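In: Sequence isn't available, so here's the structure alone:
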Ligand SMILES: [Fe+2]
Ligand SMILES: [Fe+2]
């Protein structure tokens, strides 16, 4: 029997670097920047996986905060009827075909001037969003707040399901927009998503909701910053619709950040030392980006290369990492935090003095990179074109 669905031929198979190319790639940098060390799957130090590090009695803390979570966390979700949906930003397929294809043509005209390097960053962001099953799984590893049944009535579980449902719109919208733009190799993107979901993530949160909520506070702010910057670049590059898309996603991330930081704020109130130690622990481990295990079947240093392009375009930089830390220190009033044990005070000193150290390390790494001259990498997502790092 004839196959009903033709498997498309891969137009740009992974080839050894430099083959079929007008000029070979430069060799990779021997030393990585702070940011790359922080976020690269390749360079991240192998970490022993620790599980269930929260003492069992602390589960009670989260049980006792359920009323508080219903009152202060759940209201940060938006009713479905009031939220945007991907279709609000996309050509309407229910129109007559000519009108639909005219809208697709306009979309392609708008994206025509955006540079390839912009698409590398936008694709990386989309892939990060598309690995959402991993993030819901990760949150449901956390003791005391996980969704025990899949439809648990606990406010923690309700939050996680609705948060996931809100996040699900992000990848859908970016993916469809990228598909219609015709600027990217969808098959390679889809392959990367499949690899990434299979690989999972290792944020070092140890089933511990103290660590988990510090991680998500940081992470949601990081995505707020990065989608905000892709919005700005889309506007400068002549696509106001894409700018609105990225801006609307950024606004969701900001709301989510607010919810997670509010939880950590509450933990700092009810258990200052426990929460302070958790913040220090996550910052010592460094906040690993959720897509740090990304792979497209071609480039074993894909995440590092994607991160380097994001850094160069100013979409997400080592400075942003330090800024986020400083922002959270301010929001959580960590410098003025009282009632800490000796160990808690040491953690406080470490966290409050960390941002300037990160900036200094990055300056030195930038200096080393400058001396090495320009570098480049090819990305399968944009048909193996080379982009400067
Ligand atoms: Fe998102
Ligand atoms: Fe998010």
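Out: In hand now; what should we look at? Given the structure is predicted, the values throughout are model-derived calculations rather than measurements. Ligands and ions are numbered 1, 2, ... in the order given.
In: those helices in the stretch 1-150 of the chain, which residues are they?
Out: Remark: helices assigned in the stretch 1-150 of the chain by DSSP state H, counting those that start in this stretch are 34-39, 59-64, 66-72, 97-111, 116-130, 132-139.
In: Let me see the contact set for residue 212.
Out: 138-139, 141-142, 145, 205 (Cβ atoms under 8 Å, 6 or more residues apart in numbering). Every C-beta, even on glycine, is put in place using the N, C-alpha and C of the backbone.
In: Check which helix or strand residue 250 maps to.
Out: In this assignment (DSSP states H and E), residue 250 forms part of helix 240-270.
In: buried ones in that helix?
Out: 241-250, 252-254, 256-268 (16 or more other Cβ atoms under 10 Å).
In: Of those, which are in range of ligand 2?
Out: residue 253 (Cβ under 5 Å from the ion).
In: on that earlier part again, what about the helices of the stretch 1-150 of the chain, which gets the closest to residue 307?
Out: helix 34-39 (5.0 Å; Cβ to Cβ).
In: and residue 175, what does it touch?
Out: Contacts of residue 175 by Cβ under 8 Å, 6+ apart are 126, 130, 189.
In: Now do the contacts for the first one.
Out: Taking Cβ under 8 Å, 6+ apart, we find residue 126 in contact with 171, 174-175, 178, 189.
In: Also residue 219?
Out: Contacts of residue 219 by Cβ under 8 Å, 6+ apart are 287, 289-290.
In: Select from the residues you listed the one having the most neighbours.
Out: The most crowded member of the contacts of residue 219, judged by other Cβ atoms under 10 Å, is residue 289 (27 neighbours).
In: so where does that one fall, helix or strand?
Out: Using DSSP H and E, residue 289 sits in no helix or strand.
In: and the closest residue to ligand 2 within the stretch 51-200 of the chain, what element?
Out: In the stretch 51-200 of the chain, the residue that lies nearest ligand 2 is residue 167 (5.3 Å; Cβ to the ion). Assigned by DSSP H and E, residue 167 belongs to helix 155-181.
In: Give me the neighbour count for the nearest residue to residue 181 once chain neighbours are set aside.
Out: In this structure, residue 181 finds its nearest non-sequential neighbour in residue 111, 4.4 Å apart by Cβ to Cβ, 6 or more residues apart in numbering. If you count neighbours by other Cβ under 10 Å, residue 111 ends up with 24.
In: same check, this time on the one 3 residues further on
Out: Residue 114: 19 surrounding residues under other Cβ under 10 Å.
In: do the same with the one 3 residues further on
Out: Other residues near residue 117 number 21, with proximity taken as other Cβ under 10 Å.
In: excluding its backbone neighbours, what's nearest it?
Out: residue 387 (4.6 Å).
In: tell me the secondary structure for the one you found?
Out: Using DSSP: H, G, I helix; E, B strand; the rest coil, the structure places residue 387 in strand.
In: Return the residues in contact with it.
Out: 116-117, 120, 309, 376-379.
In: And the pLDDT for it?
Out: Looking at residue 387, its pLDDT is 97.
In: same deal with residue 27?
Out: pLDDT, read off for residue 27, is 38.
In: Likewise for residue 54?
Out: So, for residue 54, pLDDT stands at 95.
In: go on, the one 5 residues further on?
Out: Among the per-residue scores, residue 59 holds a pLDDT of 95.
In: distance of the closest residue to it other than its chain neighbours from ligand 1?
Out: Excluding its sequence neighbours, the residue lying closest to residue 59 (Cβ to Cβ, 6+ apart) is residue 144, at 4.0 Å. According to Cβ to the ion, to the nearest Å, residue 144 and ligand 1 sit 24 Å apart.
In: which regions of this protein sit below the pLDDT cut-off?
Out: 1-46 (pLDDT under 70).
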